[in-house]
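1. sequence below, structure please.
(2 chains)
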Protein chains: 2
Amino acid sequence: MSERPLPPHLPLNRSRLIAPGPVEVEPRVLLELAQPQIHHRTPQGIERLMEARAKLTRLLGDPYDAVITTSSGTGAFEGALISLTPEGGRVVNAQAGKFSERWGDMSERLGYETVRVARPWGDLLDPEEVADAARNAHTLLITHSETSTGALHDLAAIAQAAKAQNPDLVIIADCITSYGVAELRPAAWGVDVIVSGSQKGAATPPGLGFVLFSPEVQERMIPTPQRGFYLDLTRELKGQKAGNTPQTPAINLISALSLALDRLLAVPLEVLWAEKRRQADALIAAGEALGAPAWAARTSPAVAVLKPPAPLTGRQVAARLAAMGQRALPGQAPYEDTVFRVSTLGYADRYDALGIAGMLEDAFASLGVSFERGAAVQAAWRVLGEERRVMAGCEAR
Amino acid sequence: MSERPLPPHLPLNRSRLIAPGPVEVEPRVLLELAQPQIHHRTPQGIERLMEARAKLTRLLGDPYDAVITTSSGTGAFEGALISLTPEGGRVVNAQAGKFSERWGDMSERLGYETVRVARPWGDLLDPEEVADAARNAHTLLITHSETSTGALHDLAAIAQAAKAQNPDLVIIADCITSYGVAELRPAAWGVDVIVSGSQKGAATPPGLGFVLFSPEVQERMIPTPQRGFYLDLTRELKGQKAGNTPQTPAINLISALSLALDRLLAVPLEVLWAEKRRQADALIAAGEALGAPAWAARTSPAVAVLKPPAPLTGRQVAARLAAMGQRALPGQAPYEDTVFRVSTLGYADRYDALGIAGMLEDAFASLGVSFERGAAVQAAWRVLGEERRVMAGCEAR
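-> I've put the predicted structure just below:
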C-alpha cells in the first residue's frame, strides 16, 4: 500500500458534510434563520413553536407531546432524566459505545444509583440482560442508534423485555440519530420518552433538543426537579403545551426546524425510514466492496461505521476524504483508527449516497488500497437502484 | 415500454438544477448577493469591479480585457457586434443550432449584410466552408459550444482557416457555455472577442454578460456605435479599464461572481477543462449505456445532449427527471422530443456527475425502458474513476 499524490482537481470538488451530524441543511432552511427577527412571545412566535411541536409528534408517529429545548441533545436528555427520576433513584444504563456511556456518566454525576449494563463497543445489547438489570430500577436509559459504533440496538425487544419484568419502569431512549431515520414505534414498544436533537435526522443546524413524552409518563413527571432549573422539563412541557416557553427559545432555529420537517413529512414514515435504510445499506455495501465492512452486526440507518482494511486507519480515511472536501469522521476515541464514519443524515438523498461510494473509491485508491475500480459504486447502486427496493416499504436489516 | 408509477420516496430527493444554465450556485456565492448594499462609485465598488474583471481575464488565460455587462449573454453579444461592426457591414454567421441561428437573426435585425453558413442542427461546422464565406466579410460570428445540440465546434480550426483567408476579419465567438469549461486559447487560435454570461461555467446567478477583447481588436472598436447606447461597449471598455461603469452595474452580482471565480481559479485552467470534460464524458457514457447516445459527433463539455431510444422522447425524459426533483431540459424547439439535455455546469462536481447517471437510470427504469441496471452508473464511473484520467491533464474528445 503506497499513498499517491492527491489529484490536481480536488479544489473543484463541492464540499459536503458526510458525517453523522451536523449535517447538510437545505439552503431555504438556512435562510429561514436569517429572516427578520420575530419575538417568541407574540402570536407569530407562539404559532411557530406550536407548529414545530406538532410536526415533531407527526415525525414520531405516536401521540407523544414534544418539548423543544434550546440546547444540544445532551441537554434535552438531562432534562428528561431529572424530570422523571426522583433524587437518588435507581437508573440502569445500557451501554455499548461512546454515547451510551455518557448517559451513565451523566446519571452518576447527578447522584443517581447507577447500574451499568455494559457491552464492548460495536456489540449489541442483550435484551434479557438489560431487562434483568432493570427489574428493580426506576429508569432505564437506552441508546437506539449508537453513533460511535453504527449499531442499531433492538429497542423494541429491549423495551418489551424490560417492561415485561418491570411495568413501572420509565424508559428514556436516546434516539438522537435514529429519530426520523430508523423505524421507531415507541407506543407499541413501550418506550416512554424519546430524545433527539436538531442537527441529525431533522436536517436543521445544531441548537435544539427534542424530548417527546408519552401521555402516560407525563403523569409521573416530578413537579420540581431538584437537579435543574433550566432543564426542568416538567415546567417546560406544561408551558409549551399552552404555547409558552419559560425560557427564551432559539426561535429562528425553531422556524427553520419547522420548514425542514415539512420535507420529511411529505412522505409516510415507512417510506422515509425505508429510504434512509437503503442509503445506509448502500454505504455499507460500498464499504464491503472495499474491504471495509460495518463494525456492528445490526447496523443503524443513520451512519455507516466501517472498519478499513489494515494497515489503513480510520483517521487516514477521514483525513483523505477531508482533503477531498468531504467531511467524514474517524472513530470516536479510543477507536479513531479502528473505524471511519460516513452518513447521508440530513439533506442528502440516494444520489448523494451513490456519490459517497465514489468518494470512498477515490479516497481508497489515492491511499494505495488495491480493489477493482467500480466495485463500491456498483455495490452501492445495486442496493439503491433495484426496482423492488425502490418500491418496497420499510425493511429491517 | 410501459411507464411505472413513480416511487413513493421522490419528495425526499434533493432538488438540483442539472440543466446547462442557470446552474447550481455555491451557497456562499448566493449569500454574497445578500451582503449589505455597496455603492458602485465608491473605492470598494470599483475594487470589486476591477477584481472580477481581472479574474475573468485569468479564467480566459490570455491577456484580453474584460467588460462586464449588466445583461444576459445575448446583450453582451449584441454589444460586441455593434461595437466592432460598422453600419451595414458584412457579417458571416456560422450556424448549426438554436443559439447560433439567433446571432444571424440579431445581425439581420441590426441591418448588417448577413450571410449565413448553415448546417443542420447537430452537425459540425466545416472550417473551410466558413472560411470561404468569410473571405470578404468584416465580422464572423461563431458559436463554440452549441448548447442546443451539444456540439463543440472546432473553433481553433475555423478561426485559423478564416484568418488565413482574411486576416482583417473580426471573429466574435459565442463562448457562452464553453468559457471556463472547454479548452479555449483565443490568442493562439485568432479569436478576437469572447462572449459569455454569468449563469454558465462561472457558476453565478444570471444577470451579467462578459465580453473579452484582444488587445489588437480594441484598436478597431467603433468610437460611437449607432445601433446602441446601453450596449456601447467601446465606451464601456474604456470606462471599465479606468474603474468606471458608464451604466449602473449589478454590483451585488459582480461581488458574487468574483467569489465564484476563485473556486475555478484554484486550479490551472488545464485541470479545470479536463475535469469538466470528464464530467460531460461521464454523462455521455451513461447515456450510451441506456441507448441514448450524444447527438453531436464532437461533444461539448458543457452539456450532454442525448437522443433517447424510440419511442421515448426528450420531453418525457425531462418531465420524469423533473418529477424526481431534477431540473434537466428537453431539446430546444423543434427538437423537444429528439433529445434531452443534462449538465454539470456550475457548482457541481464529479460525484454529482455520478449521481446524474443514477438519476438517468431511475428515470429510464420508471419510464419502462429495458436496460441492465447499473450499466449507466458503471459507464459514468469508469470515465470518472480511472486513475490515469484522474491524474491526466487536458484531453480532447
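
2. please make it C-alpha for all contacts and neighbour counts, starting now.
-> Noted.

3. contact residues of the stretch 201-350 of chain A facing chain B?
-> A:263, A:264, A:266, A:267, A:271, A:272, A:275, A:347, A:348, A:349, A:350 (CA under 8 Å from any CA of the partner chain).

4. scan chain A for its longest helix.
-> Looking across chain A with DSSP state H, the single longest helix is helix A:269-289.

5. could you say what helices and strands it packs with?
-> Judged by 3 or more CA pairs under 8 Å, 6 or more residues apart in numbering or on different chains; DSSP states H and E, helix A:269-289 is in contact with strand A:304-306, helix A:350-366, helix A:375-385.

6. just checking, what packs against the longest one?
-> On a contact count with 3+ CA pairs under 8 Å, 6+ apart, helix A:350-366 meets helix A:269-289, helix A:314-323, helix A:375-385, helix B:350-366, helix B:375-385.

7. run through who's touching the third one.
-> This means helix A:375-385. A:278-279, A:281-290, A:350, A:353-354, A:357-358, A:360-361, A:389-390, B:358, B:361-362, B:373-374, B:377-378, B:381 (CA atoms under 8 Å, 6 or more residues apart in numbering or on different chains).

8. if we use 6 Å, what do you get?
-> Applying CA atoms under 6 Å, 6 or more residues apart in numbering or on different chains, the contact partners of helix A:375-385 are A:282, A:285, A:286, A:289, A:357, A:358.

9. got the residues you listed as JSON lines, with distance to residue A:140 columns?
-> Output for the contacts of helix A:375-385, formatted as JSON lines (distance: CA to CA, whole Å):
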{"residue": "A:282", "distance to residue A:140": "33"}
{"residue": "A:285", "distance to residue A:140": "34"}
{"residue": "A:286", "distance to residue A:140": "36"}
{"residue": "A:289", "distance to residue A:140": "38"}
{"residue": "A:357", "distance to residue A:140": "38"}
{"residue": "A:358", "distance to residue A:140": "41"}
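
10. against residue A:45, how distant is the spatially most central residue of chain A?
-> Among the residues of chain A, the one closest to the centroid is residue A:177, at 0.5 Å (CA atoms, centre = their mean). Taking CA to CA, to the nearest Å as the measure, residue A:177 and residue A:45 are separated by 27 Å.

11. cool, residue A:168 as well?
-> 37 Å.

12. who's more crowded, those two?
-> Between residue A:168 and residue A:45, counted using other CA atoms under 10 Å in any protein chain shown, residue A:45 has the larger neighbour count: 21 against 15.

13. what pLDDT is listed against residue A:5?
-> We have a pLDDT of 84 for residue A:5.

14. assumed it was part of a strand.
-> No: assessed by DSSP: H, G, I helix; E, B strand; the rest coil, residue A:5 does not belong to a strand; its assignment is coil.

15. ok, now which ones touch residue A:348?
-> Contacts of residue A:348 by CA under 6 Å, 6+ apart: none found.

16. again with residue A:210
-> Applying CA under 6 Å, 6+ apart, the residues near residue A:210 are A:67, A:68, A:195, A:196, A:197.

17. gap between it and chain B?
-> Going from residue A:210 to chain B by CA to the nearest CA, to the nearest Å gives 22 Å.

18. ditto for residue A:118
-> On the measure of CA to the nearest CA, residue A:118 and chain B end up 37 Å apart.

19. can you list contacts of stretch A:333-340?
-> By CA under 6 Å, 6+ apart, stretch A:333-340 touches A:305, A:306, A:307, A:313, A:314, A:315, A:329, A:330, A:331.

20. can you tell me the closest non-neighbouring residue to the second one?
-> Right, the one you point to is residue A:306. residue A:294 (4.4 Å; CA to CA, 6 or more residues apart in numbering or on different chains).

21. please tell me the pLDDT value assigned to the one you found.
-> In this model, residue A:294 carries a pLDDT of 98.
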